[in-house]
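In: Sequence and predicted structure, then a few things I'm wondering about:
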Amino acid sequence: MAADGHPVPDSTALRALAFLWGFCAFLPVSVMYLSLLLMLVGLAFAPAIGRRMARLPQSVVFWPLIAMLLWSVAAAIAGPWLEDTSTRLFHLTRVVLVVCMGLLLVPSEARFGLAGFVVAALVAALVVAVHHLWPLPPWAIWASLLTSRNNFSSGNMISMATASGVCLALAVARPPVGRYRWLALGAAAALALTVALHAVSRNALLLLLLLAPVALFCRFRSARALGGGILVLLGAAAALWQLAPTAKARFLELAQNLQAATSATQYGTSGGLRWRMFQEAWQGMLEHPWLGTGVGTWLPHWRATWMAMDVQLDPLTKGQFAEINNPHNDFLLAGMETGLPGLLLLAWVLWRFARLGWRQASTAGNITVLLAVALFATCLVNAPLRDAALGMTLLWLLGVSVAAHGSDRRE
């Protein structure tokens, strides 16, 4: 419904564009930006765009997003203007824009976006399965999906783990969906197995364990469901440990890296590097708790700190690590650059989405909770707000899932 109480007509073009963007979740990030531009054009010519825009400020998640952006702008004005400041502000603006574009859809359009995402995840899982049977050529369209190459490889597996949780939410939906329940359950299992056996990303593996209990608890909403979800979590963790050698090796490697970093200050490993970055971001936030060190200050600070350290790495690798533009934690990045208020505003945004989804008590609402939890967990160990390859489609789907409720103003 629009602000004037009249329904907003849906658009066949926006249904197609929403499905296309969802389907592009596993394609190169340049294709996702193309989907963003096409959606902007589609929205500009959408039926009743004025009424769509008028209802946007009434959403309970709109003003937290605006507050997060405005606080970052204020911190940028108060602090130094550096090489990375404009880039950081661009990405924060992109986050707000992408989520709001999802919110502008009507329920029928939004459901096409979610459907495109699920279909894309199943196609991606099929491509991975085929590759393990008959190795595929390293074409750009799927290279990051088949081998661990860059952040987009992690983003692919994070998206697939999230899609598995979404399919599980559909499988246990109320009211029952007949034989489609079993199709959704089979899809959830297929996607989960693909992540468990193929993914190198620890973030994706953790999401795989986390989202299944969340989906069950959102559906049944009882202490018994919570207990059952915990049992599912423990069982899945045990199975992953025993049956997925790559996953086991990755977590053992992390434990060894962290032990070496904390006991012998050896930071030249993946885990040690992350630990050192967390320390720097945390210290920066504590030293500048109100407005932070300034938007865009992480990269020059980290570059100087890392290059001054005596790390046993070859010069090329050390130089590459010096150019990491975030501390692999969006909360600490916000806390360091914009102070504790910036960190709390980011947490507030994700909390508002999760709370809104929970209070809807519907399948679409449960999917909102799943996406908010997925983004929250990813923000703890990565930077989906800073890195479009990791989080752009998930952020858009978060807004889309709210649009699928049919109402985003319920308190």
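Out: The structure has been received and is ready for your questions. Numbers count the residues shown, from 1 in each chain.
In: buried stuff in the helix or strand containing residue 355?
Out: According to DSSP states H and E, residue 355 maps onto helix 330-360. The neighbour-count check on helix 330-360 (16 or more other CB atoms under 10 Å) flags 330-350, 352-358, 360 as buried. Where you see a C-beta, it was placed from the backbone N, CA and C, and this is true even at glycine.
In: now stretch 246-256
Out: Buried, per 16+ other CB under 10 Å, within stretch 246-256: 247, 250, 254.
In: Could you list the residues in contact with it?
Out: 196-200, 202, 205, 240-242, 269-271 (CB atoms under 8 Å, 6 or more residues apart in numbering).
In: What of stretch 217-231?
Out: 169, 172-174, 212-214, 216, 357-358, 361, 365-366, 369-370.
In: From the structure, what's the count of residues near the nearest residue to residue 132 once chain neighbours are set aside?
Out: Of all residues not flanking residue 132 in the chain, residue 198 sits nearest, at 7.7 Å (CB to CB, 6 or more residues apart in numbering). Residues lying near residue 198 (other CB atoms under 10 Å) number 24.
In: Let me know the pLDDT of residue 198.
Out: Looking at residue 198, its pLDDT is 93.
In: now do the one 3 residues further on
Out: According to the prediction, residue 201 has pLDDT 91.
In: the helices in the stretch 251-400 of the chain, which residues?
Out: Ranges of helices in the stretch 251-400 of the chain, per DSSP state H, counting those that start in this stretch, are 270-287, 298-308, 315-322, 330-360, 363-381, 388-403.
In: can you dump the C-alpha coordinates of the second one into CSV?
Out: This points to helix 298-308. What follows is helix 298-308, C-alpha atoms only, in CSV (Å, rounded to 0.1, in the frame of the first residue of the first chain):
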residue,chain,number,x,y,z
TRP,A,298,42.0,2.5,8.0
LEU,A,299,44.0,1.9,4.9
PRO,A,300,46.8,4.5,5.4
HIS,A,301,47.0,3.5,9.1
TRP,A,302,47.2,-0.2,8.3
ARG,A,303,49.7,0.3,5.5
ALA,A,304,52.1,2.1,7.8
THR,A,305,51.6,-0.3,10.7
TRP,A,306,52.0,-3.4,8.7
MET,A,307,55.1,-2.3,6.7
ALA,A,308,56.8,-1.3,9.9
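In: For that helix, report the contacting residues that lie outside it.
Out: Under CB under 8 Å, 6+ apart, the answer for helix 298-308 is 82-84, 276-277, 280-281, 284, 293, 318-319, 321-327, 333, 336-337.
In: Now, of the residues you listed, which are buried?
Out: 82, 84, 276-277, 280-281, 284, 293, 321-322, 324-327, 333, 336-337.
In: Tell me where the model's unsure across the stretch 51-200 of the chain.
Out: 175-179 (pLDDT under 70).
In: In it, what residue spans correspond to helices?
Out: 62-78, 85-103, 107-133, 143-146, 151-171, 179-198.
In: Tell me which of those helices is the most buried.
Out: helix 151-171 (a mean of 26; mean count of other CB atoms under 10 Å).
In: which strands and helices sit next to it?
Out: Applying 3 or more CB pairs under 8 Å, 6 or more residues apart in numbering; DSSP states H and E, we find helix 151-171 packed against helix 107-133, helix 143-146, helix 179-198, helix 202-220, helix 363-381, helix 388-403.
In: These: which one's closest to residue 95?
Out: helix 388-403 (5.8 Å; CB to CB).
In: How far does that closest one sit from its chain's centre?
Out: Helix 388-403 has its C-alpha centroid displaced from the chain centroid by 7 Å (CA atoms, centre = their mean, to the nearest Å).
In: Using CSV, write down the CA coordinates of it.
Out: Extracted in CSV, the C-alpha atoms of helix 388-403 (Å, rounded to 0.1, in the frame of the first residue of the first chain):
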residue,chain,number,x,y,z
ALA,A,388,30.5,-5.2,-3.1
ALA,A,389,31.7,-8.7,-4.1
LEU,A,390,30.8,-10.0,-0.7
GLY,A,391,27.6,-8.3,0.2
MET,A,392,25.9,-6.2,-2.5
THR,A,393,23.3,-8.8,-3.6
LEU,A,394,22.6,-9.9,0.0
LEU,A,395,22.0,-6.3,1.0
TRP,A,396,19.6,-5.9,-1.9
LEU,A,397,17.8,-9.2,-0.9
LEU,A,398,17.5,-7.9,2.6
GLY,A,399,15.4,-5.0,1.3
VAL,A,400,13.6,-7.3,-1.1
SER,A,401,12.6,-9.7,1.7
VAL,A,402,11.0,-6.8,3.6
ALA,A,403,9.1,-5.7,0.5
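In: Check the average confidence over that helix, would you?
Out: Helix 388-403 comes out at a mean pLDDT of 94.
In: and the angle from it to helix 151-171?
Out: Orientation of helix 388-403 against helix 151-171 (axes from the mean of the first three to the mean of the last three CA atoms, to 10 degrees) gives an angle of 20 degrees.
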